[in-house]
Each structure stands twice: as structure tokens, then as C-alpha cells.
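Participant: here is a sequence with its predicted model. Questions after.
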Amino acid sequence: MLGSGDSSFKMPVLGRGQDRLVTFFAAIAIVTVLYLGRDVFVPIAVAILLAFVLAPVIMVLRRIRIPRTVAVVAVVLVTFLGLMALGGMIALQVTDLVAELPQYRMNMRDKIKSLKDAAGGSGTFERTMDLVQDLSREIDGPQAGQGLAAGAADGRPVLVEVHQPPPGTLGTLSAVMGPLLHPLATIGIVFIFVLFILLQREDLRNRFVRLAGAHDLQRTTAALDDAGSRLSRFFLAQVALNASFGAVIGLGLWAIGVPSPFLWGLAAAVLRFVPYIGAAIAAALPIGLALAVDPGWTMVLSTAALFLVVEPLVGHVIEPLLYGRSTGLSPVAVIAAATFWTWLWGPVGLLLSTPLTLCLVVLGRHVESLEFLDVALGDQPPLSASELLYQRLLAGDPLEAAAAAEEHLKQKSFADYADGVALPALRLAQRDAARGVLDEARQTRLKETLAELLDDLPDEAGETPADEPGAASPHVLIVAARSALDEAASLLFAHRLRQSGTRCETRPRVGLGRPIADEVSLLVLSYLSPATPAHRRYTIRRLKRDAPGRRVIVADWGMEEGKTERFEGEDAVVTSVAAAVEAVEAPLAPVASSVVAPLRAGAA
């Protein structure tokens with residue numbers, strides 16, 4: 001009770017399942033708000049993206065000592081007037097095109113007739129066209145006057161049609177201005193938002209910093225500044241590239257003779273912002289017009305060839321050189337984002353889908369609380385190379401693991417792969433085994449999958465094959481200290497030794513008491529599991545007793561370099577495959593200090 005002495009109140013702690021449920025309902029609430037409030041959020045989203053495009057221009061004006069307010073107002077005003085002039089020119093182009101369309105009707109009829117003749121006259125094409133014409137007559141119904149004559153002839157009720165009187169001047173003006181009021185109002189709202197976003201850029205950034213991560217102001221501020229500059233450069237480059245694409249298409253269509261080339265060039269520039277299907281739609285419109293305009297097929301083929309040459313050149317050559325080979329989004333994310341934003345905001349959402357999703361991915365890469373956006377939508381690998389290898393080994397899939405390893409080996413050596421990918425993956429397995437979530441059966445399966453992976457890998461170029469060992473090559477016996485994971489590490493090291501022509505064999509822990517052949521000149525004790533001092537001393541004594549006079553190297557794969565200890569009877573302690581190879585290949589010379597741990601004082 002309040003006031004009874006225990007005035008403390010603790011909020012209940014949500015479990016993981018409850019937390020996910022809250023997140024799910026929060027996501028549904030956000031999507032619902034975005035959908036219901038699209039008339040408000042669409043102008044804000046367009047304004048934010050337009051602000052990213054205009055920000056670099058304003059920064060250039062600021063560098064030449066133009067005040068911020070003057071620079072912002074001038075840039076926004078010029079952009080607004082430019083877009084309005086562009087809209088007027090588009091309206092004139094559309095008007096001229098609509099006025100010219102009736103004269104192209106004969107060309108379309110001739111082309112349809114030629115297609116019918118090519119299809120065989122009475123074939124499938126002709127039957128399809130007849131069916132379409134019959135359906136059209138049924139849908140249109142009787143012409144004006146036909147119903148009246150038919151009704152008067154047989155005494156049925158007469159069909160009466162009511163026509164509205166022609167609108168006056170005010171009615172015509174209202175009919176013309178009505179559809180334009182909403183787009184004009186939206187454009188006005190967009191530019192008002194752009195003006196205030198650019199004027200209050202730093203203030204808005206600081207407020208976002210406070211919301212996103214005020215506990216680390218330096219890191220969050222630097223991340224947002226970097227994200228803002230990267231997005232601005234990307235959007236500006238995309239606008240410039242698509243505008244150039246539209247200009248080239250427009251000039252090409254003008255040279256070919258397609259009517260209204262300016263209109264189709266502008267349409268190509270705008271539609272190219274739409275991923276995947278934008279360029280196809282931009283090509284289909286002028287190709288369809290060329291089909292109607294030209295009595296022959298030259299204009300149609302020339303228009304199609306123009307798009308087939310320019311679009312791949314821009315998309316696969318110029319675009320990668322300008323801002324990299326990727327937008328930072330995964331291909332699936334691009335398609336999913338286009339579908340989602342189109343459903344949410346219609347055609348405007350389709351145009352904004354890639355920029356909006358890219359904004360979310362950039363924020364996810366810099367703001368820790370939004371990292372899930374980068375994982376879900378970005379093109380960065382969701383798993384590291386070692387995590388992917390461990391996952392494939394757990395799944396018993398050596399094929400995908402081998403394919404990833406071959407890609408790695410195209411640029412780096414096997415020793416780099418072993419130390420940078422394979423051993424970290426085995427350390428992840430050992431960590432799970434220590435937690436009790438990886439039983440012995442799964443450890444054995446993991447070891448067998450790794451063995452299949454190593455068998456599938458090609459020999460590295462420039463190294464001596466395993467069947468042609470050098471004359472002075474030592475014969476190495478690698479003994480797994482304890483578990484199947486120790487055996488897996490032994491297989492990895494043995495593969496590297498065989499690549500360099502060193503004769504070696506592996507032996508599991510259960511075979512430790514078996515006789516050791518006389519030709520074995522070097523023993524390697526492989527530890528991935530924790531190597532306790534007592535176990536190491538006991539195992540070293542047994543090896544020294546079974547193979548007196550042989551050198552013994554302890555490979556402590558689970559330890560970091562510099563944190564190992566060397567006990568009595570151990571000639572070297574190594575923690576990486578590269579260091580182990582160095583120790584093995586110089587058996588008679590002093591081993592480098594970087595691979596030998598100092599002897600532990602007082603070790604028995």
C-alpha cells in the first residue's frame with residue numbers, strides 16, 4: 001500500500017517472448033499509421049529525400065560565404081520553379097501528342113492487318129481478334145437511336161437517355177482545375193517541408209541523436225554525419241545519372257524521329273528510379289508510339305535497339321563506376337521493398353521504395369538499436385565466414401562450405417583460411433560443447449563433414465603434392481588430445497602439412513597407447529578443448545615414453561597468441577596453423593620465438 005513504508009514500485013520485466021510480441025504489435029501499429037496517414041507522410045518522405053539531394057548544393061554555396069538562409073531559399077526556389085516549368089513543358093508535350101494520335105490510326109490498322117496475314121488469315125490470331133470485337137460490341141450495347149427504333153417497332157418500353165447540359169465557363173474551369181489542386185497542394189507542402197528541413201538541419205539532427213543514442217554523443221553524431229553525407233552523395237549521383245540517361249534517350253528518340261522525344265526522355269529518367277521494371281516501362285511507351293507512327297518497322301526496331309544499348313551500358317558499366325556495384329540492398333530486399341511501399345503508398349511509394357529502404361539500411365549500420373534493419377535488408381553477409389562454416393558443418397553440408405572455401409582460396413592461402421575461418425569456426429563449436437549444447441555425436445558428425453570438405457578442396461598452386469614429399473621432410477604424427485573437435489583441428493593441420501609435402505598421419509585420443517612407428521620424427525599434440533596443465537603433463541609423459549627422443553609440439557588451437565604456457569617436455573607451443581607449420585618445417589633449427597611459449601617456471 002502507498003505510504004505504508006514500502007514506497008518502491010518496480011515495473012515488471014518482460015520475457016523474450018513477450019518482448020517479441022510487443023515488437024510485433026508495434027510494427028503493425030507503425031505500418032497502420034503510415035497507411036492511414038499517407039497523405040501526410042508521403043510529402044514528408046519526399047521532402048526528406050529531396051533535402052538529401054539538395055544538401056550538397058547548399059554546402060557548396062556555404063563554402064563560398066553565402067549565408068545559410070539565402071542559400072537554402074535560393075536553392076529551394078530554383079528547384080521549385082524548375083519543376084514547375086518542367087511540368088508545364090510536359091503538359092504541352094502530352095497535349096500535342098494527344099492531338100496527333102488520331103492520324104496514326106491507319107498505321108495501326110495496316111500493322112494489325114500485316115500481323116493477321118502473317119498469322120495465316122483464319123488462324124488463331126484472327127479468331128482471337130474476332131472474339132475481342134464481338135465482346136466489345138456486347139459491352140458497348142446498342143448505339144444511340146437503335147434502342148428507340150427497336151422499342152417502337154415491337155411495342156416494348158422505349159429506352160430514354162438523359163444528357164446533362166454542356167457546362168458553362170465556371171464548370172469547365174472547375175473540371176480542369178479540380179484534378180490539379182491536389183497535386184499542386186502536395187508539391188507546395190513538399191517544398192515547405194524541404195525549406196524547413198534544410199534550414200533546421202542541425203537542430204533536427206541533434207534531436208534525432210537524442211532519440212537514437214544520447215549515451216554516446218560522439219559516436220552517434222559522427223555516424224549520422226557520415227550516413228547523411230553518404231546518402232546525399234548517393235542520391236545526387238543517382239539523380240544526375242538518371243537525368244543523363246533520360247537526356248540520352250530523348251536525344252536518341254529525336255534522332256530516330258519518335259514524336260515528343262522530350263516527354264519520353266523525361267519519363268525514362270523518372271521511371272529509372274523504379275527498380276527492375278522502371279526501364280522496361282520507359283522503353284515500352286515510346287516503342288508503342290513508334291509502332292503507331294511508322295508505317296514500317298524501322299522506327300520500332302531503332303527505338304528498341306536504343307534502349308537495349310543504353311540501359312545495359314548505364315546499369316552495368318557507368319553506374320558501378322559512379323557509386324559502386326550495389327545500392328547496399330540485397331536483391332530480395334529491393335523487390336520486397338518495392339512491393340511493400342507500393343502497397344502502402346501507391347505509385348509514389350514505388351518511386352520512393354529504394355531510397356527509403358536505403359535510408360533505413362544506412363541507419364541500421366550506424367545506430368545500434370536499428371541494426372536489425374541492416375541485417376534484414378542490407379547486402380552485407382548476415383553471417384561471418386567462420387559462422388557460416390560452423391553452421392554448414394553443423395548441417396552436414398560440405399558442398400556449400402567447400403564452395404565458400406574455394407572463393408576464399410582464390411585470394412588467400414590455405415593457412416590464412418585455416419587461421420581466419422576454419423579454426424574460429426571450430427572454436428565456436430568448442431564453445432557450444434563447453435555449454436553442453438553440442439553432444440559427442442554432433443561433434444563427430446562435424447568432424448566427418450570437415451574431413452569431406454578438406455577432401456573437396458583443390459591443392460594450392462606452387463606447393464609440393466602430398467605424394468611427392470621432399471627428401472628431408474619430417475614424418476609427423478598428430479595426436480588428438482581429447483574430443484572429436486580436437487580431431488577436427490588435427491585434420492585441418494594435417495591437410496596443410498600434406499599440401500607442403502610433409503608426411504603426416506592423425507591419431508585419435510583412443511589410439512594414444514598404440515606403438516609409434518620409428519619413422520615418426522615429430523609429435524604434435526592437438527588441443528581445441530581446454531588444455532589443463534595436469535592433462536598436458538600426463539599426455540606428454542606418455543608420448544615421451546612411447547617415442548623417446550622425438551620432438552613434441554603442443555598445438556593449443558583454442559588459446560590466443562601470447563597467452564600460452566610451455567611445460568617441461570614440450571619443445572614448442574603454437575596457437576595457429578601458420579605457426580605450427582613454421583615449427584614443423586624447421587625441426588633441427590631453433591624455432592622462432594613467436595611460436596614458442598616461454599617455459600613455465602617450476603613446471604614438473
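Facilitator: Okay, I see it. Numbering: from 1, shown residues only.
Participant: burial count for residue 106?
Facilitator: By other Cβ atoms under 10 Å, 11 other residues sit near residue 106. Bear in mind the C-beta positions are built from the backbone N, C-alpha and C, glycine included.
Participant: secondary structure element for it?
Facilitator: Per DSSP states H and E, residue 106 falls inside helix 105-118.
Participant: I'd like the average pLDDT over that helix.
Facilitator: For helix 105-118, mean pLDDT is 67.
Participant: repeat that for stretch 21-40.
Facilitator: Here stretch 21-40 scores 84 as its mean pLDDT.
Participant: touching it from outside, list them.
Facilitator: Identification of contacts with stretch 21-40 by Cβ atoms under 8 Å, 6 or more residues apart in numbering yields 14, 41, 344, 345, 346.
Participant: most neighbours among those, please name it.
Facilitator: For the contacts of stretch 21-40, the largest neighbour count, defined by other Cβ under 10 Å, is 21 neighbours, found at residue 345.
Participant: can you give me the offset of the longest helix seen in the chain from its chain's centre?
Facilitator: Counting by DSSP state H, the longest helix found in the chain is helix 217-256. The chain centroid and the centroid of helix 217-256 are separated by 18 Å under Cα atoms, centre = their mean, to the nearest Å.
Participant: what's the answer for stretch 396-416, then?
Facilitator: 22 Å.
Participant: buried residues in that stretch, which are they?
Facilitator: For stretch 396-416, burial by neighbour count (16 or more other Cβ atoms under 10 Å) applies to 398, 401, 402, 404, 405, 408, 409, 413, 414, 415.
Participant: nearest to residue 272 among these?
Facilitator: residue 404 (34.4 Å; Cβ to Cβ).
Participant: leaving out sequence neighbours, find the closest residue to that closest one.
Facilitator: Ranked by Cβ to Cβ, 6 or more residues apart in numbering and with sequence neighbours excluded, the top spatial neighbour of residue 404 is residue 388, at 6.3 Å.
Participant: quick one: which helix or strand includes residue 376?
Facilitator: helix 371-377.
Participant: residue ranges with poor pLDDT in the stretch 101-250 of the chain?
Facilitator: Scanning the stretch 101-250 of the chain for pLDDT under 70 picks out 101, 103, 105, 107-108, 111-180, 212-220, 222-223, 226.
Participant: including distance to residue 257 and secondary structure, could the contacts of stretch 21-40 go into JSON lines?
Facilitator: Compiled in JSON lines, the contacts of stretch 21-40 are given as follows (distance: Cβ to Cβ, whole Å; DSSP: H, G, I helix; E, B strand; the rest coil):
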{"residue": "14", "distance to residue 257": "68", "secondary structure": "coil"}
{"residue": "41", "distance to residue 257": "43", "secondary structure": "helix"}
{"residue": "344", "distance to residue 257": "41", "secondary structure": "helix"}
{"residue": "345", "distance to residue 257": "38", "secondary structure": "helix"}
{"residue": "346", "distance to residue 257": "35", "secondary structure": "coil"}
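Participant: which residues does stretch 282-301 contact?
Facilitator: Residues external to stretch 282-301 that are found in contact with it (Cβ under 8 Å, 6+ apart): 97, 101, 104, 107-108, 110-111, 249, 253, 256-260, 264, 267-268, 271-272, 302-304, 307, 311.
Participant: now with 6 Å, please.
Facilitator: Under the contact criterion Cβ atoms under 6 Å, 6 or more residues apart in numbering, stretch 282-301 has outside partners 104, 107-108, 253, 256, 258, 264, 267-268, 271, 303-304, 307.
Participant: next secondary structure after the longest helix of the chain?
Facilitator: Later in the chain than helix 217-256, the nearest helix or strand by DSSP H and E is helix 261-271.
Participant: that next one: which residues count as buried?
Facilitator: With burial defined by 16+ other Cβ under 10 Å, the residues of helix 261-271 counted as buried are 261, 262, 263, 264, 265, 266, 267, 268, 269, 271.
Participant: what does stretch 425-441 give?
Facilitator: Using 16+ other Cβ under 10 Å as the test for burial, stretch 425-441 gives 425, 426, 427, 428, 429, 430, 432, 433, 438.
Participant: could you find the closest non-adjacent residue to residue 205?
Facilitator: Nearest one to residue 205, counting by Cβ to Cβ, 6+ apart, is residue 224 at 5.8 Å.
Participant: just how off-centre is the helix holding residue 376 within its chain?
Facilitator: The chain centroid and the centroid of helix 371-377 are separated by 10 Å under Cα atoms, centre = their mean.
Participant: please identify the buried residues of that helix?
Facilitator: Those buried within helix 371-377 under the rule 16+ other Cβ under 10 Å are 373, 374, 377.
Participant: helices or strands up against it?
Facilitator: On a contact count with 3 or more Cβ pairs under 6 Å, 6 or more residues apart in numbering; DSSP states H and E, helix 371-377 meets helix 347-366.
Participant: kindly calculate the angle that the helix it packs on makes with helix 261-271.
Facilitator: 40 degrees (axes from the mean of the first three to the mean of the last three Cα atoms, to 10 degrees).
Participant: can you list the residues that contact helix 347-366?
Facilitator: Helix 347-366 is contacted from outside by 42, 45, 49, 223, 227, 231, 273-275, 327-329, 337-338, 341-342, 370-371, 373-374, 377-378, using Cβ under 6 Å, 6+ apart.
Participant: mind listing what's buried in whatever helix or strand residue 336 lives in?
Facilitator: Per DSSP H and E: residue 336 is located in helix 331-345. Using 16+ other Cβ under 10 Å as the test for burial, helix 331-345 gives 333, 334, 336, 337, 338, 340, 341, 342, 344, 345.
Participant: touching, the last one and residue 43? I think so.
Facilitator: No: in this structure, residue 345 is not within contact of residue 43 by Cβ atoms under 6 Å, at 10.8 Å.
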